[in-house]
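Undergrad: dropping a prediction and its sequence here:
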Amino acid sequence: MIRPALHLKHHHRRPGSGDPGRRLLNTSATVRKRCNFVISKKIILDCDPGMDDSMAIVMAAKAPQLELLAVTAVNGNYPVDVTCVNARKMLELLGKAHIPVARGMANPMVRPCPSDPFTHGADGQAENFLPDPITPLSPLHAVDLIIETVKAHPHEVTILCTGPMSNLAMAITKAPEIKPLIAEVIAISGAFGLNRYAFANATGDTPQSEWNVYVDPEAAKIVYESGIKLVALGLDVATHFDVNFSEEDIEAFRTSSRPEAKFLHQAISFVHNRGFEAYCTIIDCMAVGYAIDPTLVETISGHVGVETESVLCRGMTVLDGRHHHVWTHLPVIEIGAKADCGRFLQLLKELVLA
Ligand SMILES: [Ca+2]
């Protein structure tokens, strides 16, 4: 039997079409006007801040379409002791210290942590040097906070993974009964070779890997193969060269009275001074953007395997795009294929400056 291995899914629904719950989320401004309330999507942000995770926290905490139930920190860009401090620094900056932050996995599941060839600065936040947090950590380990939060809101919680998937993989290993209770996982994860941007900005320390999968490929494999609905926004879309700011945007961040805008301005200056473009400061934000508005990214479905053995290809996410003889035993996931970078940046700017 001949059948296409890939199916391009256009999320550009007409008004009034498609899933009614999603329609409400996508037109929340209208809903707010008519009903004076917003139907929010419940999310957990599992992250390794990191300057771009920090901006993802800004978006997730400020977006009226989302209800940020918890932030879970993991080893990744920096050791977990740094990432769980940085997550709380960011929430305190935003006046959202009531949102719990839990400390998660200190290492990948089965291997030591590699060092990152890209630096987020001495503080892991582009040398913004925010005040030390005064809010205590959640008494729960991140793995248990994920399990308890999902069980408290069955079928309602979307988990955004913007770091290595160690916490989530451990949570579904420890409590596999939560797998069918998770609404969706949206992850900054992988690089699928769909365009020339996929590997040009490869963030892992191999020629073609993405950092989060590179750090803990075994965890990624567990999540990819879990059967949970997974949308992987890889480097094909998240580090596309069109994800960038204009001079006017950067000036607007500089002159804004919002501390999170000044944070972003400092991050952009930090990466510019090291020869990088501004996309580095907001890679993880695309997961939040997609959670707010899935029409921002067109996705395809495909069978994907995660490479865990090879030295050269460690952490590669291999999409079986063949027309024939497809390895159907590989899990099927949704993959970000094309982003509307202009609308994504506009959404991000509006939330940062609001
Ligand atoms: Ca990250």
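TA: Now that the structure is in, tell me what you want to look at. Numbering: from 1, shown residues only.
Undergrad: so which bits of the stretch 1-150 of the chain are right by the ion?
TA: Contact residues, the stretch 1-150 of the chain versus the ion (CB under 5 Å from the ion): 48, 50, 53. From N, CA and C alone the C-beta is placed, and that goes for glycine too.
Undergrad: which phi and psi does the second one have?
TA: So the one you mean is G50. G50 adopts backbone torsions of phi 80, psi 130, taken as degrees, to the nearest 10.
Undergrad: tell me which stretches of this structure form strands.
TA: Using DSSP state E, the strands of the chain run over 7-9, 41-47, 66-73, 101-103, 157-161, 182-188, 230-233, 297-306, 317-320, 332-339.
Undergrad: list, one by one, the residues from the stretch 251-354 of the chain near the ion.
TA: So far as CB under 5 Å from the ion goes, the stretch 251-354 of the chain lies against the ion at D284.
Undergrad: what about the closest residue to the ion within the stretch 251-354 of the chain, distance to R258?
TA: Per CB to the ion, D284 is where the stretch 251-354 of the chain lies closest to the ion, at 4.7 Å. Separation of D284 from R258 (CB to CB, to the nearest Å): 19 Å.
Undergrad: output the below-cut-off pLDDT ranges for the stretch 51-200 of the chain.
TA: In the prediction, the stretch 51-200 of the chain carries no residues with pLDDT under 70.
Undergrad: may I see the strands of the chain arranged in a markdown table, with mean neighbour count as well?
TA: Formatted as a markdown table, the strands of the chain follow (neighbours: other CB atoms under 10 Å):
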| stretch | mean neighbour count |
| --- | --- |
| strand 7-9 | 12 |
| strand 41-47 | 27 |
| strand 66-73 | 25 |
| strand 101-103 | 26 |
| strand 157-161 | 26 |
| strand 182-188 | 25 |
| strand 230-233 | 26 |
| strand 297-306 | 21 |
| strand 317-320 | 21 |
| strand 332-339 | 22 |
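Undergrad: any chance of those strands in TSV, with distance to N86 too?
TA: Converted to TSV, the strands of the chain look like this (distance: least, CB to CB, whole Å):
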stretch	distance to N86
strand 7-9	35
strand 41-47	9
strand 66-73	8
strand 101-103	10
strand 157-161	16
strand 182-188	17
strand 230-233	22
strand 297-306	26
strand 317-320	26
strand 332-339	25
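Undergrad: would you mind measuring from the spatially most central residue of the chain to I228?
TA: Taking CA atoms, centre = their mean, the centroid of the chain lies closest to T162, which sits 3.4 Å from it. Using CB to CB, we find T162 at a distance of 17 Å from I228.
Undergrad: any chance you could map the helices in the protein?
TA: Assigned by DSSP state H, the chain shows helices spanning 20-26, 28-35, 51-62, 80-93, 142-152, 166-174, 197-200, 211-215, 217-224, 235-238, 247-255, 259-272, 285-292, 341-353.
Undergrad: identify the residues contacting P217.
TA: 306-308, 314-315 (CB atoms under 8 Å, 6 or more residues apart in numbering).
Undergrad: more neighbours: which of D284 and R258?
TA: Neighbour count, other CB atoms under 10 Å: between D284 and R258, D284 has more, with 32 against 16.
Undergrad: mind checking how far the more buried one is from G50?
TA: From D284 to G50 the distance is 7 Å (CB to CB).
Undergrad: joint contacts of those two?
TA: T162.
Undergrad: what's the separation between the residue nearest to the centre of the chain and the ion?
TA: 4 Å (CB to the ion, to the nearest Å).
Undergrad: excluding covalently adjacent residues, which one is nearest to that residue?
TA: D284 (3.7 Å; CB to CB, 6 or more residues apart in numbering).
Undergrad: enumerate every residue touching that neighbour.
TA: Taking CB under 8 Å, 6+ apart as the test, what D284 contacts is 47, 50, 52-53, 55-56, 162, 188, 238.
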